Each structure stands twice: as structure tokens, then as C-alpha cells.
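**Student:** next one to model:
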Amino acid sequence: MLSNILYKTASTAKGGREGHVHSDDGAVDLVLVKPKEMGGDGTVGANPETLFASGYAACFESATRLAASKAGLDAKDGTYVKAEVGIGPRKGGGFQLAVTLNVHLEGLDKQQAEVAAMTAHNEICPYSHATRGNVDVQIRIV
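**Tutor:** Next comes the predicted model:
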């Protein structure tokens, strides 16, 4: 159990994949849309996977910058992480996620970027800690 919570937030969803989600502070207020691939009508909108991808991308980008900084390196403007999140059936029933993190650390060579990304993944990013052993996460330096 986490003994020192630095920040806490909460969101409420109603109606599942074709419902509505909002955060208690009002920062998030979205209508959710089921993807066409999962039986939706093709309307473009947010869904749990886009929200997860957005959160993981933002968190991992911060974590890679921190890892680079701790190694004495400076990731320049133009650094980004694009998180791709897929969902599909899992053996035994239900669904499972798969994640690919496409990492670009501007100003770092490939080896430096790989070290920063792996340090972020193994030591810093809470999304990586939460998914470890549960979700297949691939990291690509781009």
C-alpha cells in the first residue's frame, strides 16, 4: 500500500463504453464512444483505451525526461512519447491490453535514449509499474 500519496484524483463513469466520464475537479468531462472495431457506429470520440494511452504517454514522457536528466543528459524540445494501446480477447475470457511506447528523445543518440527509456520503464513511471506482469508493453526508440 502506498504510504505517502502526493496527489489523488477521482473520475466517475456512467454508461460504460457508450456513456459519460467526468473528473471530480471538472478537468475531464467526456462522452465515451465505442470504437467501430468493437461494435460502435464509427463516431470519433474518447474511449477507455484513448484515455489510458493519453495518460501513459504523458507519464512516460515525463519519466524519460527525468531519467535522462538524472544521467546528465538533456532531452530537448521535440521530445515525445506516442502510446499505442490495443485491446483484444484474452485466453480464459475477458479482454487484455497491449501497449507500444514509441519514444523520441530529441538530442539524445539511440543508445542514450534506450537507457533513459528503460530506466523510466523499470524505475520511474507509475503506469509501467502498474502494468508490469499484467500488460505486454513494448518500447521502441523512434
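**Student:** secondary structure element for the residue nearest the centre of the chain, which one?
**Tutor:** Centroid-nearest residue in the chain, with CA atoms, centre = their mean: Tyr56, separated by 1.6 Å. Assigning secondary structure by DSSP states H and E places Tyr56 in helix 48-70.
**Student:** buried set for stretch 22-33?
**Tutor:** For stretch 22-33, a neighbour-count test (16 or more other CB atoms under 10 Å) marks Leu30, Leu32, Val33 as buried. Quick note: C-beta positions are derived from backbone N, CA and C, even for glycine.
**Student:** can you list the residues you listed in CSV and add distance to Thr100?
**Tutor:** Listed next are the buried residues of stretch 22-33 as CSV, based on distance: CB to CB, whole Å:
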residue, distance to Thr100
Leu30, 24
Leu32, 23
Val33, 23
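**Student:** columns secondary structure and pLDDT on top of those residues, output as TSV?
**Tutor:** Output for these, formatted as TSV (DSSP: H, G, I helix; E, B strand; the rest coil; pLDDT from 0 to 100):
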residue	secondary structure	pLDDT
Leu30	strand	97
Leu32	strand	97
Val33	coil	97
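**Student:** among those residues, which one lies nearest to His104?
**Tutor:** Leu30 (27.4 Å; CB to CB).
**Student:** what is that closest one paired to in the beta sheet?
**Tutor:** Val21 (DSSP bridges).
**Student:** tell me the contacts of it?
**Tutor:** His20, Val21, His22, Gly45, Ala46, Leu51 (CB atoms under 8 Å, 6 or more residues apart in numbering).
**Student:** which pLDDT does the model give the last one?
**Tutor:** The reference is to Leu51. On the pLDDT scale, Leu51 is placed at 98.
**Student:** for the third one, same thing?
**Tutor:** At His22, the pLDDT value in this model is 98.
**Student:** how is the chain carved up into domains?
**Tutor:** 9-46, 48-141 (the TED database).
**Student:** to Leu2, which of those lies closest?
**Tutor:** Among these, if distance is taken as CB to CB, the winner is domain 48-141, at 9.7 Å.
**Student:** how far does the closest one sit from the chain's center?
**Tutor:** In this view, domain 48-141 has its centroid 7 Å away from the chain centroid, taken as CA atoms, centre = their mean, to the nearest Å.
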